[in-house]
Structure formats: structure tokens, C-alpha cells
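In: Sequence first, predicted coordinates after that:
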Amino acid sequence: MLKIDKLYKNFGNKEVLKGLDLEIQDGSIFGLVGINGAGKSTLLKILSGAYVKDEGDIYIDGKKVESMTPRLAEQLGISIIYQEFSSLPHLSVAENIFLGRQPTKKGGVINWKKCREDSMFLLKRVGLDIDPGIPVSSLSVAQQQMVEIAKALSREARIIVMDEPTAPLTQKEIDNLFAVIRELKRQQVAVIYVSHRLAEIKEICDCITVLRDGCYVGKALVKDVEI
């Protein structure tokens with residue numbers, strides 16, 4: 001589904017990514033690990049279109065992506081859920097899920113009934129039983145995270161990146177998140193799981209890739225390594 005070949009990124013004289021290689025299959029849970037400064041965040045921002053690569057190639061479904069932009073990343077089905085959520089707290093859950101993409105009736109009037117119905121369907125997919133009309137500010141952090149996943153699914157995301165997703169969660173909330181991730185896998189959505197918590201990598205991921213100093217160190221099936 002996703003292949004990265006010899007990716008380089010410099011900031012001035014500092015080389016952050018140094019010929020990075022990566023390959024991800026559909027329907028896999030892919031653990032990405034490395035200490036701070038390993039290049040994980042830079043890689044994610046290149047995938048999202050926020051940063052422009054200096055060298056290297058990105059392929060989606062075997063097709064080369066010449067110039068990644070935020071709009072193109074969304075069209076290609078790449079969605080990144082950062083630690084700082086992008087939701088607007090004063091708007092409703094439904095408004096956040098379909099922000100800027102609300103279904104409309106003839107004449108361009110927003111179809112709020114369909115927006116609500118579609119939001120309820122997406123929330124059900126992530127196991128969240130809430131009224132889509134309530135403001136996001138009234139939700140817990142774990143619930144806001146599920147809204148972010150629902151938003152990604154509303155864009156027909158095929159690759160969802162989760163950056164340190166369990167940092168603010170309780171163990172029960174982590175268990176719920178893992179259940180949602182496993183369901184995404186069953187639906188052939190690939191998940192890139194970025195974390196420093198190796199026990200979680202062992203529990204939820206199929207394979208693991210290690211980065212160090214902007215370089216690819218190696219990858220392995222999680223079941224074949226001791227963590």
C-alpha cells in the first residue's frame with residue numbers, strides 16, 4: 001500500500017532523514033519506534049504533505065507520488081492523528097467530522113439530517129455511543145480521539161497514523177482504542193502506530209520498524225522479537 005524509498009530531508013545543514021526506506025501492507029498494524037530525534041515526526045509530516053522531501057520516492061499502491069501536499073495526502077487516503085487534536089471544541093461532533101465537507105441539498109444548503117446520520121454511523125464504527133450534536137469540548141480526551149478516528153474514516157482513510165495515541169489515556173481507554181484498531185485492521189485499513197511504549201507495540205502491532213538518527217535500522221515481525 002505504501003512504499004518509501006531512500007527518503008532524505010534536511011533543515012539547513014542538519015540532515016534529519018538519511019535515505020529512509022519503509023514499506024507498509026494494507027490491513028496491517030505497523031509499529032514505528034525510535035528515540036526522540038530519530039526522524040519519526042519528520043517522516044509523518046512528509047507523509048501528510050506538511051513538509052516537502054528533498055530526495056527519495058513515495059509510492060501509494062505502486063504509483064509514484066511526485067509531490068505530496070495535504071490535499072493530495074487526504075485524497076490518497078492518508079490521515080494522521082497527532083497528539084494535539086485538530087478538532088474545534090466549540091463545534092459539534094458532527095460539524096467536526098465533516099468540517100468543510102458537509103453533505104448538501106439542492107442549492108448548496110447543508111443537509112444537517114444526513115450529516116447527523118452519517119456521523120452516527122461513523123461513531124458506531126469506532127465504538128462511540130454519543131449524540132453527534134454535542135460540542136466536542138464536552139467530551140473526554142479518549143472520546144475526542146475516537147472522533148478524530150471517525151473523521152479519518154469519513155475521508156475514506158486507508159492509512160491512519162496514530163502518534164503516541166495512548167499518552168493521555170487510562171488502561172480501560174487504551175483497551176477500547178486497541179479494540180478499534182483491531183477492527184480497522186479487519187476492514188483492511190493500515191495503521192501506523194508510533195509509540196515509545198514497547199509493551200503496547202508488542203500487544204497491538206504486527207510488525208515493527210526501528211529508526212535511529214534519521215536512518216532505517218531494521219524491521220521484524222513483532223512475534224519474532226523480544227520486547
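Out: Perfect, thanks for sending it.

In: In terms of helices and strands, where is K64?
Out: Element membership for K64 (DSSP states H and E) is strand 63-65.

In: Run through the neighbouring helices and strands of that strand.
Out: Packed against strand 63-65, as judged by 3 or more Cβ pairs under 8 Å, 6 or more residues apart in numbering; DSSP states H and E, are the following elements: strand 55-60. For glycine as for every other residue, the C-beta is placed from the backbone atoms N, C-alpha and C.

In: For the closest residue to K202 other than its chain neighbours, give its distance to V191.
Out: On the basis of Cβ to Cβ, 6 or more residues apart in numbering, the spatially nearest residue to K202 that is not a chain neighbour turns out to be I227, at 4.4 Å. With the distance defined as Cβ to Cβ, to the nearest Å, I227 ends up 18 Å from V191.

In: okay, these two: which has more neighbours?
Out: Relative neighbour count places V191 above the other of I227 and V191, with 26 against 13, counting by other Cβ atoms under 10 Å.

In: quick one: the residue nearest to the more buried one when sequence neighbours are not counted and R182, what's the gap?
Out: In space, and not counting its chain neighbours, V191 is closest to I29: 4.8 Å by Cβ to Cβ, 6+ apart. With distances defined as Cβ to Cβ, the gap from I29 to R182 amounts to 8 Å.

In: show me where pLDDT drops low in this protein?
Out: Low-confidence segments of the chain, defined by pLDDT under 70: none present.

In: picking that back up, which neighbours do I29 and R182 have in common?
Out: I204 (Cβ atoms under 8 Å, 6 or more residues apart in numbering).

In: Comparing the two, which residue is more hemmed in?
Out: It is I29, of I29 and R182, that has more neighbours when counted by other Cβ under 10 Å, with 23 against 12.
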